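1. please work out how this folds:
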Amino acid sequence: MLTMERQQQILQFVRRNKVVKLVTLTQQFNVSMETIRRDVQQLVQNNKLEKVYGGVKYIEPVEGFIDQRFHEQLDEKIAIAKKCASFVQNGDCIFIDSGTTTYQMTPFLKDKEKLTVVTNSLPIAFDLIGSPIEVIIIGGKVRHSEKSVTSNEFLFRFEHLNITKAFICASGVSVNKGISDFSLEEAITRRQIIDIAETVFVAADSSKFLKDVAIQVCPIHDIDVIVTDDALSEELCQQFATTTINLSLVKK
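-> Coordinates of the predicted model:
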């Protein structure tokens, strides 16, 4: 097992159990205490785990500013975004959500013909200025921390959009609770897009799985495809195999 994959599985194991002793991790993953200490140290440095006496504790995530997240797990995000862009065909009208993963889609779309991009992301809209792509930005309130626009039916008539494919971001992904986010306003906007899109894709790296954050966007059965990186554990892949979701794993 690769180091990165093992560390991701350690993180998922600790999240499920809240507090775990190091000796338990050595037994669970059949590696030496020295290896576990190195893995744990890396996860602690990345602010994923907190050391406690004799073990580690999971750190519940909080949403940071979008500028702080652009460089986190960048290789994974680019690989996921490239895969998402491969689903886009000439003539599509697509929605690209505000987020650091979907933002990486723009370089892979500029050779598409007769493409319309609907977005609530100011950085995505700015990136596509000067390209042949038609850009529609939804109307509403600017959310400064995310450089996004949040809206509702009072401010924007979503039903007039004919979206063939929607690419949605998520702060949390789980089989039981579906897709979740920290912001109620973002969740409302995503929910409205999901309701009208023909096909819904979720673009989320493996660190977002097994997390149920503040606000549910939608249950898992409302999603058609989840694109993520191949650090996702086999156990989680098996969980999603019991659903109607098409799970697409990519290498960074």
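2. using CSV, list the CA coordinates for stretch 93-108.
-> Taking only C-alpha atoms (Å, rounded to 0.1, in the frame of the first residue of the first chain), the coordinates of stretch 93-108 have been written out as CSV:
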residue,chain,number,x,y,z
CYS,A,93,-24.7,23.9,-21.5
ILE,A,94,-22.9,23.1,-18.2
PHE,A,95,-22.9,24.4,-14.6
ILE,A,96,-19.6,24.8,-12.9
ASP,A,97,-19.8,25.3,-9.1
SER,A,98,-17.7,27.6,-7.1
GLY,A,99,-14.9,25.7,-5.5
THR,A,100,-11.1,25.0,-5.8
THR,A,101,-11.6,21.7,-7.6
THR,A,102,-14.1,22.8,-10.2
TYR,A,103,-12.0,25.9,-10.8
GLN,A,104,-9.3,23.7,-12.2
MET,A,105,-11.7,22.6,-15.1
THR,A,106,-11.3,25.9,-17.1
PRO,A,107,-8.0,25.1,-18.9
PHE,A,108,-9.5,21.8,-20.1
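3. can you tell me the centre-most residue of this structure?
-> Closest residue to the average C-alpha location of the chain: Ala204 at 2.3 Å, with Cα atoms, centre = their mean.
4. find me the pLDDT at that one, would you?
-> For Ala204, the pLDDT comes out at 94.
5. over to Gln68?
-> On the pLDDT scale, Gln68 gets 54.
6. cool, the one 3 residues further on as well?
-> According to the predicted model, the pLDDT of His71 comes to 59.
7. next one: the one 10 residues further on
-> Each residue has a pLDDT score; the one for Ala81 is 96.
8. secondary structure element holding it?
-> Counting by DSSP states H and E, the secondary-structure element that holds Ala81 is helix 74-86.
9. listing partners with orientation, what would you give for the following helix or strand past that helix?
-> Along the chain past helix 74-86, the next helix or strand (assigned with DSSP H and E) turns out to be strand 93-96. Here strand 93-96 has these sheet partners by DSSP bridges: strand 116-119 (parallel), strand 165-168 (parallel).
10. tell me how far Arg143 lies from Leu210.
-> Applying Cβ to Cβ, to the nearest Å, the value for Arg143 to Leu210 is 26 Å. Placement of C-beta: from N, CA and C, glycine included.
11. the more surrounded of those two?
-> More neighbours surround Leu210 than the other of Arg143 and Leu210, with 22 against 18 (other Cβ atoms under 10 Å).
12. which residues touch the more buried one?
-> Gln12, Arg15, Arg16, Val173, Ser174, Leu236 (Cβ atoms under 8 Å, 6 or more residues apart in numbering).
13. re the thing from before, tell me the most buried of the strands paired with strand 93-96?
-> The densest packing among the strands paired with strand 93-96, expressed as mean neighbour count by mean count of other Cβ atoms under 10 Å, is seen in strand 165-168 with a mean of 26.
14. after that strand, which helix or strand is next?
-> strand 172-174.
15. got the buried residues for stretch 117-129?
-> Residues of stretch 117-129 classed as buried under the neighbour-count rule (16 or more other Cβ atoms under 10 Å) are Val117, Val118, Thr119, Asn120, Ser121, Leu122, Pro123, Ile124, Ala125, Asp127, Leu128.
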